[in-house]
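Q: The following comprises the amino acid sequence and a computationally predicted model.
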Amino acid sequence: MRVSELAKELGKSSKEVLDVLQKQGYGEKTHSSNVSDEQTQAIKKAFAAPAKPEHAQGAAEAPKKKIAAVYRPQNAQTMKNPRPQAAPAQAAAPAAPAQAAPAAENNRENARPQVSSPRTRAAIRAAVTIARAVSRVIEITVRAAIRATAITAAVRVAIRVTVITAMVRVAIRATATTAMVRVAIRATATTAAVRAAIRAAATTVTARAAIRATVTTVTARAVSRVAVTTVTIARAVIRAAATTVTARVRA
């Protein structure tokens, strides 16, 4: 960083920054010279240190305060002069600001109103007791409301869990029922297929038996026809033989 940039950042002139550098023994520099981080910190500390003006000593003195006497009403009734004149102001000795704070607290305590009547004190105590009781009741009510809200939330969560569990169970049962229905349908289809196969087999057997019976009948008819033909031929042969024998006998 250059001297001019540092001066601009601090709101100072370059001459002032150069004077600080010379006083701290950093040698001759110009407004365009570079400064290190250590020199930058030293310059910032130099400008940050507040100058002590001449009137700073007078500011350390504490302001003078007037001390007033405070009298209680019950004491004022027994005195000849119920409202005595305030004591003349006395010049307080110069004190540090730290010692002025206790004096101010004492003045505040003395400035508080003093309760003289027993009825007033009893009323104040009753009001404080009632305020504490009301505060306690409000606290208990709030805690009960918070607990009721928590219980309500827990009940709602339990109801939701129960409903979800019931829905899951219903879904599982529906899935099982669907699976059972599918198995039953498959079993029914299998049974129907088996029955159809049995019927087809029975039909095939019956057809085969009918075909065999038909073949047997046709065969029997053919055999009977052959037999009839054979008998007819035999008869004809016999007749022919008989005719031949008769003709020979006659000859």
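A: Sure, I can see it. Residues are numbered from 1 along each chain as shown.

Q: Give me the distance from the helix or strand harbouring residue 158 to the chain's centre.
A: Assigned by DSSP states H and E, residue 158 falls within helix 118-250. Computed by CA atoms, centre = their mean, to the nearest Å, the chain-centroid distance of helix 118-250 equals 46 Å.

Q: Same question for stretch 242-251.
A: In terms of CA atoms, centre = their mean, the centre of stretch 242-251 is set 135 Å apart from its chain centre.

Q: what's in contact with that stretch?
A: Applying CB atoms under 8 Å, 6 or more residues apart in numbering, stretch 242-251 turns out to have no external contacts. Backbone N, C-alpha and C define where each C-beta goes, glycine included.

Q: tell me the mean pLDDT for that stretch?
A: Per-region confidence: stretch 242-251 scores 84 on mean pLDDT.

Q: Can you show me the helices along the stretch 1-150 of the chain?
A: All helices of the stretch 1-150 of the chain, identified by DSSP state H, counting those that start in this stretch, fall at 3-10, 14-23, 37-48, 56-59, 73-78, 97-111, 118-250.

Q: Let's have the ones you listed in CSV, adding distance to residue 29.
A: As requested, the helices of the stretch 1-150 of the chain are exported to CSV (distance: least, CB to CB, whole Å):
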stretch, distance to residue 29
helix 3-10, 6
helix 14-23, 6
helix 37-48, 9
helix 56-59, 33
helix 73-78, 77
helix 97-111, 43
helix 118-250, 70
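
Q: how about a markdown table for the ones you listed, with mean neighbour count added?
A: Below are the helices of the stretch 1-150 of the chain laid out as a markdown table (neighbours: other CB atoms under 10 Å):
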| stretch | mean neighbour count |
| --- | --- |
| helix 3-10 | 16 |
| helix 14-23 | 16 |
| helix 37-48 | 14 |
| helix 56-59 | 9 |
| helix 73-78 | 10 |
| helix 97-111 | 11 |
| helix 118-250 | 10 |
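
Q: Point out where the stretch 51-200 of the chain drops to low pLDDT.
A: For the stretch 51-200 of the chain, applying pLDDT under 70 flags the ranges 51-116.

Q: how near is residue 214 to residue 179?
A: Distance of residue 214 to residue 179, given as CB to CB, to the nearest Å: 51 Å.

Q: I meant residue 11, not that one.
A: 87 Å.

Q: How about residue 159?
A: Residue 159 is 30 Å from residue 179, where distance means CB to CB.

Q: and what of residue 191?
A: Plainly put, residue 191 is 18 Å away from residue 179 if you go by CB to CB.

Q: What of residue 118?
A: To residue 179, residue 118 is 89 Å away according to CB to CB.

Q: Send me stretch 137-146 as CSV with only the CA atoms.
A: Presented in CSV, the C-alpha positions along stretch 137-146 are these (Å, rounded to 0.1, in the frame of the first residue of the first chain):
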residue,chain,number,x,y,z
VAL,A,137,-52.7,-19.3,38.1
ILE,A,138,-51.7,-18.0,34.7
GLU,A,139,-48.5,-20.0,34.9
ILE,A,140,-50.4,-23.2,35.9
THR,A,141,-53.0,-22.5,33.1
VAL,A,142,-50.3,-22.1,30.5
ARG,A,143,-48.5,-25.2,31.6
ALA,A,144,-51.8,-27.2,31.6
ALA,A,145,-52.6,-25.8,28.1
ILE,A,146,-49.1,-26.8,26.9
